[in-house]
Structures are given as C-alpha cells and as structure tokens.
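Peer 1: got a structure for you, letters missing:
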C-alpha cells in the first residue's frame, strides 16, 4: 500500500516546501472574483479574531524526491501573490522557483497581482504587518502527500476546494495526459494547448467575446448524445459521470485485460495506421461536401469506444471543429442550415430556459445525423428533426429539463439515427414528426411553422391556444 500522509499545516510551513508545478497541471486561472472571495474570507476571520482559518487542501505527489502539486496550485499561487504585495519575504524562494509555462498563467498572475495591490491598499491600509502575520501563522492548509500519482489523482477528483473548482470535463484533461506516458513532452503540450484553446474559444476574432466551447460540447453534445443513443436518460454531466469518457490505455505498461477490449485496440491500431500513411486513403468519405479540415478525424464517431490518451484528445478536437462549422456563422459551410437555425430557433421568447433545453437537444440530434450521414443528411433531415423537437414547446405548458432528458427515450430518435445504415432506415422519423400536435402553449412562430409543414394541430386548451386564431382544422 502506498504511503499517504495528511497534516494540518500553517501557511508559513507549507511555503517552506520546495514544490513544483508538473507539466500536466492546468494553468493558473483564478479570476479577480476568486481572489476577492479568498481575501474577504481571510479578512473577516482576521477581524473576528478567530484562532485559525482553513484555506483548503493541497495534494502533493512526493515521489522521487520531488514535491509535485497535484491540487492547490490556484490557492498557493494566490497566497504567494498576496504575501508579495504585503512586502513579505516568506515564500519568496518558492515564488521564484515555481515555473509557470502557460501564457494564461502569466496573464492571470499579472492581472491578479495588480488587483491584490489595489484591494490591500483599500481594505488593509496600515495594518499590513498584522494581516501578514495572520496569514502566515493562523491560516492553514490540509497538506496531503501521496507517493503514488494515480492515488493522488483519485484524491484530487474527490476534492471540493474553496474558490474555483474544476469543471467535471476538465478533470478529464489531467486523466488523459497522464495516460500519454508513451508520448513526447511536445505532444502533451500540444494536446493541452488545443484543449485550453477550446475552453477559451474566441467567437468573433474582432471582439473579446470568449466562451468555454469545450464545456458546451462535452456536457451537452458528447455526453448526453452518448446516453440518449443507448436509450438512457441524459441528465446533467458532473464528476460522477466522467467514467463515460474513460476507456482503455494502450501501451506497454497497460495490457488488454479482456477480449471485448480488442475492438478498442483495433480502433487504435487502424487509426494510427492511416495517420502513418501521410496520404489520403481511397474511399474515405468526408462529412462536409466541400471541405475536409485536417483536425477532423474522418474515422471518429460520437459514440465510439474511448481510448485513453492522445486518442481522446483527437476525439474531442474533431467534435469541437465540427460543432464550430455546424453552428458558428463565421464558417462558410452549410449557410442555408445556419440561416434555418437563426430563423427557427432564435424566435421571440427563445431565451427562456425551456427553449434553451430544446435547442441543445436539437443541436445534439443534428450532430448525430451529421456524424452518420454528413452534410447531406443534415440537409435532408434538419426540418424533420426540428418538428420532432419543437413539438414539445407546443405540447407542454412548461418545458422542464427532466422532461427533455426523458423525451428521446420515448421516441427512440437518437437510437434510430445511431442504428441507421441508409436513409430508408430513417423513415420512422418523418412519421413521428408529422403526428398530430395537441397545443397547450401558444408560441406563435412555432405554430405557424408547423402549419406551413402541413402538420395537423388542435387546441388542447382554448383559453391558452385559440384555434380560430390559427384556423385549426
């Protein structure tokens, strides 16, 4: 059994350790709000005269005489910045030895350092020495040292530290980089860069609008599609469900355990074989009609078995790129479909929670259809899928998250698309889409669109949906 030690240590004792930031760590990304919250909590405890304040936990991997920070980098870095702004010499050796290689870390340090100096000047004033003493001698960490890295990551997954917690999907980055033991340092950095780029995606290159596209994709279009395709209820993605994106690790130190895993091994071998050819492979069908972006793997499938490591990063990169080209207007592909979304999914009132639930469901169906039949499939069936999804807006007085999570199980729409081999296998979708709708909600635009598509509508409540207004048959 690997040795694990846990000790409550004052800040000054923790900062005496010569810790390092390993390459697999995410960048330092605490925002001003995170820093403000920590400072306010410490200040409140200090002014109340409390004998201690627990900042949080630090998990350290102490194998091979190195002290690698597995969890706690955000808090330790922030405390070092605060002490530096207070003019303290404590922690200066550690502060100078920690290496922040990611540009995001450097930017955050510069921004937060400026904020901390302003905040301390306004809120601490001439009491800097007293505040410094309280941080060093009364504030404390729970320092956990683990010699086995896998055990350290398991503990890290279960921690809920104060401040900005890792999103569930971001736990996957450390897990899959750890599985890349056979890959070069440069390959690991490239995977990290691509992952973080998707997590801070700039929609409009001429503006500063940044969004976490990776969170959107993993939480919605990947995770929920995979469950719906298996006819399972797809609720919110969280840390308990990250096993959905953990598969087998293929290298010399991780042999195949069971025969059923041979298919994942075959997938891994074949994909790497095609990549090694360095040329186009005859017969490979591109999903887009006019383009074949290099970072879209033509062999990737939304519901494929997961192979840990670089293969997983290639999988997510493929679907990030597909998502952008399907739904972002700055890309040239499928403009007619994008115009359809703008007209039919951005109607008056579409900002409501229920409408957003339906829009995410619709996008997930579109991505699965694109996955199976490419651009042509979306052109043929995007209106049918719209009728299947947005009938819920009319049939229910209020569209709830739970009802949307269950809906694909009732009509098996995802399962139908996933198992289809030709367009004829999708004929039942059109039959379901054109079933009579009993309207209990008056959403003018959607009702009129359904009427244009010759769908039969009736009123389920004349007080709420006036059938004469729309000339229902």
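Peer 2: On my side now, so go ahead. Worth saying up front: this structure is predicted, and the values here are computed from it rather than measured.
Peer 1: Residue 145 looks like it's in a helix, true?
Peer 2: No: Residue 145: not assigned to a helix; according to DSSP: H, G, I helix; E, B strand; the rest coil it is strand.
Peer 1: any idea of the mean pLDDT in stretch 216-227?
Peer 2: Throughout stretch 216-227, pLDDT has a mean value of 95.
Peer 1: Low-confidence stretches in the stretch 51-200 of the chain?
Peer 2: Low-confidence segments of the stretch 51-200 of the chain (pLDDT under 70): 63-65, 148-166.
Peer 1: run the last query once more with 80
Peer 2: The stretch 51-200 of the chain contains residues with pLDDT under 80 at 61-66, 146-167, 181, 200.
Peer 1: Do a quick rundown of the strands in it.
Peer 2: 53-61, 67-71, 139-146 (DSSP state E, counting those that start in this stretch).
Peer 1: so residue 177 sits right up against residue 24, yeah?
Peer 2: Yes: Residue 177 lies in contact with residue 24 (Cβ atoms under 8 Å); the separation is 4.5 Å. Quick note: C-beta positions are derived from backbone N, CA and C, even for glycine.
Peer 1: And the pLDDT at the residue nearest to residue 53 when sequence neighbours are not counted?
Peer 2: Using Cβ to Cβ, 6 or more residues apart in numbering and skipping the chain neighbours, the partner closest in space to residue 53 is residue 45 (4.0 Å). pLDDT for residue 45: 83.
Peer 1: Name the helix or strand for residue 45, please.
Peer 2: helix 32-47 (DSSP states H and E).
Peer 1: okay, now the residue nearest to residue 53: neighbour count?
Peer 2: Using other Cβ atoms under 10 Å, residue 45 has 17 other residues around it.
Peer 1: so who does it touch?
Peer 2: For residue 45, the contact set (Cβ atoms under 8 Å, 6 or more residues apart in numbering) comprises 52, 53, 134, 138, 139.
Peer 1: run the last query once more with 10 Å
Peer 2: Going by Cβ atoms under 10 Å, 6 or more residues apart in numbering, residue 45 touches 51, 52, 53, 54, 134, 138, 139.
Peer 1: Please identify which of the residues you listed is nearest to residue 310.
Peer 2: Nearest to residue 310 among those, counting by Cβ to Cβ, is residue 54 at 38.6 Å.
Peer 1: Please name the nearest non-neighbouring residue to residue 115.
Peer 2: residue 32 (4.8 Å).
Peer 1: Please look at the one you found and residue 81 and confirm they touch.
Peer 2: No: assessed by Cβ atoms under 10 Å, residue 32 is found out of contact with residue 81, at 11.8 Å.
Peer 1: Neighbour count for these two, which is higher?
Peer 2: residue 81 (23 against 15).
Peer 1: roughly how far apart are the more buried one and residue 7?
Peer 2: 24 Å (Cβ to Cβ, to the nearest Å).
Peer 1: And for residue 231?
Peer 2: 49 Å.
Peer 1: Ok, residue 392 next?
Peer 2: 54 Å.
Peer 1: So those two - more neighbours on which side?
Peer 2: Taking other Cβ under 10 Å, residue 392 and residue 7 do not tie; residue 392 has more neighbours (18 against 12).
Peer 1: so that one makes contact with residue 354?
Peer 2: Yes: between residue 392 and residue 354 there is a contact at 8.4 Å, judged by Cβ under 10 Å.
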